[in-house]
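**Student:** Let's see this in three dimensions:
(one chain, ligands or ions: 1)
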Amino acid sequence: MQDTFILNTMKADVLLGLQWGDEGKGKVVDVLTPRYDVIARFQGGPNAGHTLEFEGIKHVLHTIPSGIFHPGKVNVIGNGVVIDPVVFKKEIDALAQRGVDVKKNLFISRKAHLILPTHRLLDAASEASKGTAKIGSTLKGIGPAYMDKTGRNGLRIGDLEHPQFRKMYDTLVAKHTELLAHYEYDYNLEDLEPAFFEGVELIKQLKLIDSEYRLNQYLDEGKAILAEGAQGSLLDIDFGSYPFVTSSHTITAGTCIGLGLAPGKIGEVYGIFKAYCTRVGSGPFPTELNDATGEELRAKGHEFGATTGRPRRCGWLDLPALKYAIMLNGVTQLIMMKSDVLSGFDKIKVCTQYKYRGEIIDHVPYDVVNEEIVPVYEEMKGWSEDLMVINDAEQLPAALLSYIDYIEQATGLPITIVSVGPDRKQTLIRKVVA
Ligand code: IMP
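**Tutor:** Numbers count the residues shown, from 1 in each chain. This next block holds a predicted model:
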């Protein structure tokens, strides 16, 4: 890979998903990490599953930034993240088995919130009570943990250093127990607590920091920071297809909140999208294909959740939704993932507009949940070449180059990276970006 990127020193670059998550952020962060000194996660938690593949190894990260496999790089879990000590310990143990010792290069914000076992129980009880209206949550306790954060009841990583932590924990659990009594939901908290406290003990041995000061200091020292998003823009708590969303700010603004960086300190914004669309869990998905083509995309793209194993819903690229995400994030360059999965389709469709309440519209309307949205498609020629063996962007098939050109024209942004397979090496750099 040529070194063609120009870094924004004194500013943090951001990399985030423009669809419903699972765009391949982990892979690209891993590829870009050599250009940065610091990789920082700013929101979400163990609902994320960032998959990295290299040298025949496949590894899934949930809470830990995707720069962790690069020795000498600093990895920061920002204040906007929610951490489940149980999942976190498993993640650290799995990394240790690969020879990665996180004790040196992983830093955790004291202001990051904790996910308690009772948050997971509340998530499961709430989802079960919703029946067919369920969100399709990953059931990792994300919603209840963020509720306690905004409700000003939450426990933070910094509280682990407090001599009265156990008392604080018991007080919050007592509140949760009262809430759980409102649901018909069986549980045994005693079974869950030992793993939680084991995780807590491990976290206490790690480097807990005031990450907002540390990150701003890194910028002052001229260090290059890459902020790594989780989930996707269309799952944002404010701008996603509410209520079928996650509970954090998944867009660029979430970087400022989740790391303590002022808006003026944001540099390049890399927006990642798949060459088609997927969604896992419930909620509107205008271009979803409930047919053989959808099945084919799922099979070829191995579209099964990295965290839950659930089959992902698949469909064609949705340009109005993509442009919406680009607008919200201030994207400066695009990265297209999984182009190889589209090889072999005679025709490829792209949704260019929606039919909504009898009109043709270009934007994402307010009510995407109760109203019908019918995609208006443009059909394009497909390609049959195996892209996974191509190692130069110039050699991509002409039909794919037309597809890329079409998206660039529609969005007004360059597609600077095209991913043609899951491995680090299957990443084609296309253009120099100033
Ligand atoms: P939660 O964040 O686990 O509560 O899930 C809320 C919604 O976001 C559900 O539809 C999940 O499937 C979806 N979701 C959460 N995290 C991810 C992710 O990392 N990738 C894709 N979908 C996600």
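
**Student:** show me the contacts for Ser241.
**Tutor:** Neighbour list for Ser241: Leu234, Gly283, Pro284, Val368, Val369 [criterion: C-beta atoms under 8 Å, 6 or more residues apart in numbering]. Placement of C-beta: from N, CA and C, glycine included.

**Student:** May I ask which of these has the most neighbours?
**Tutor:** In terms of neighbours by other C-beta atoms under 10 Å, these top out with Leu234 at 30 neighbours.

**Student:** Whichever residue of the stretch 301-434 of the chain sits closest to the ligand: what secondary structure?
**Tutor:** Across the stretch 301-434 of the chain, no residue is closer to the ligand than Thr307, which sits at 6.3 Å (C-beta to the nearest ligand atom). Taking DSSP: H, G, I helix; E, B strand; the rest coil as the rule, one finds Thr307 in the coil state.

**Student:** Distance of the nearest residue to Ala410 once chain neighbours are set aside relative to Pro286?
**Tutor:** Spatial nearest neighbour of Ala410, excluding adjacent residues (C-beta to C-beta, 6 or more residues apart in numbering): Leu319 at 5.5 Å. According to C-beta to C-beta, to the nearest Å, Leu319 stands 11 Å off from Pro286.

**Student:** and what of Ser241?
**Tutor:** For Ser241, the distance to Pro286 (C-beta to C-beta) stands at 10 Å.

**Student:** Spit out the residues that contact these two alike.
**Tutor:** Counting by C-beta under 8 Å, 6+ apart, the common neighbours of Ser241 and Pro286 are Val368.

**Student:** related to what we said a few turns ago, what do Leu319 and Pro286 both touch?
**Tutor:** Counting by C-beta under 8 Å, 6+ apart, the contacts common to Leu319 and Pro286 are Cys351.

**Student:** Am I right that the residue of the stretch 301-434 of the chain closest to the ligand is in contact with Gly49?
**Tutor:** Yes - in this structure, Thr307 is within contact of Gly49 by C-beta atoms under 8 Å, at 3.8 Å.

**Student:** Pull up the overlap in contacts between those two.
**Tutor:** Common contacts of Thr307 and Gly49 (C-beta under 8 Å, 6+ apart): Val60, His62.

**Student:** got the residues of the stretch 51-200 of the chain near the ligand?
**Tutor:** Within the stretch 51-200 of the chain, the positions near the ligand by C-beta under 6 Å from any ligand atom are Ile135, Gly136, Ser137, Thr138, Lys140, Ile142, Gly143.

**Student:** In a markdown table, list these along with neighbour count and pLDDT.
**Tutor:** Below are those laid out as a markdown table (neighbours: other C-beta atoms under 10 Å; pLDDT from 0 to 100):
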| residue | neighbour count | pLDDT |
| --- | --- | --- |
| Ile135 | 19 | 91 |
| Gly136 | 16 | 91 |
| Ser137 | 22 | 93 |
| Thr138 | 24 | 94 |
| Lys140 | 26 | 97 |
| Ile142 | 25 | 98 |
| Gly143 | 25 | 97 |
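
**Student:** Need the contacts of Ser241 in JSON lines (columns: secondary structure, distance to Ser211 and pLDDT).
**Tutor:** Shown next, in JSON lines, are the contacts of Ser241 (DSSP: H, G, I helix; E, B strand; the rest coil; distance: C-beta to C-beta, whole Å; pLDDT from 0 to 100):
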{"residue": "Leu234", "secondary structure": "helix", "distance to Ser211": "27", "pLDDT": "98"}
{"residue": "Gly283", "secondary structure": "coil", "distance to Ser211": "32", "pLDDT": "95"}
{"residue": "Pro284", "secondary structure": "coil", "distance to Ser211": "35", "pLDDT": "96"}
{"residue": "Val368", "secondary structure": "coil", "distance to Ser211": "35", "pLDDT": "91"}
{"residue": "Val369", "secondary structure": "coil", "distance to Ser211": "36", "pLDDT": "90"}
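
**Student:** Just flag the most distant two among these.
**Tutor:** Taking C-beta to C-beta, the two most distant members of these are Leu234 and Val369; they sit 12.8 Å apart.

**Student:** Nearest to the ligand: which residue in this structure?
**Tutor:** Nearest residue of the chain to the ligand, counting by C-beta to the nearest ligand atom: Gly281, 2.2 Å away.

**Student:** OK, contacts around that residue?
**Tutor:** Going by C-beta under 8 Å, 6+ apart, the list of residues near Gly281 reads Ile135, Gly136, Ser137, Thr138, Phe244, Arg310.

**Student:** could you dump those residues to JSON lines with secondary structure?
**Tutor:** Converted to JSON lines, the contacts of Gly281 look like this (three-state DSSP):
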{"residue": "Ile135", "secondary structure": "coil"}
{"residue": "Gly136", "secondary structure": "coil"}
{"residue": "Ser137", "secondary structure": "coil"}
{"residue": "Thr138", "secondary structure": "coil"}
{"residue": "Phe244", "secondary structure": "coil"}
{"residue": "Arg310", "secondary structure": "coil"}
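
**Student:** Show me the beta-bridge partners of the closest residue to Leu289 other than its chain neighbours.
**Tutor:** Leaving aside its sequence neighbours, Leu289 sits nearest to Gly315 (C-beta to C-beta, 6+ apart; 4.8 Å). Counting by DSSP bridges, Gly315 forms beta bridges with Cys277, Glu288.

**Student:** isn't Gly315 right up against Gly294?
**Tutor:** Yes - if you go by C-beta under 8 Å, Gly315 and Gly294 touch, sitting 6.5 Å apart.

**Student:** Switch the contacts of Ser241 over to a markdown table; also include distance to Pro65.
**Tutor:** Listed next are the contacts of Ser241 as a markdown table, based on distance: C-beta to C-beta, whole Å:
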| residue | distance to Pro65 |
| --- | --- |
| Leu234 | 22 |
| Gly283 | 27 |
| Pro284 | 31 |
| Val368 | 32 |
| Val369 | 33 |
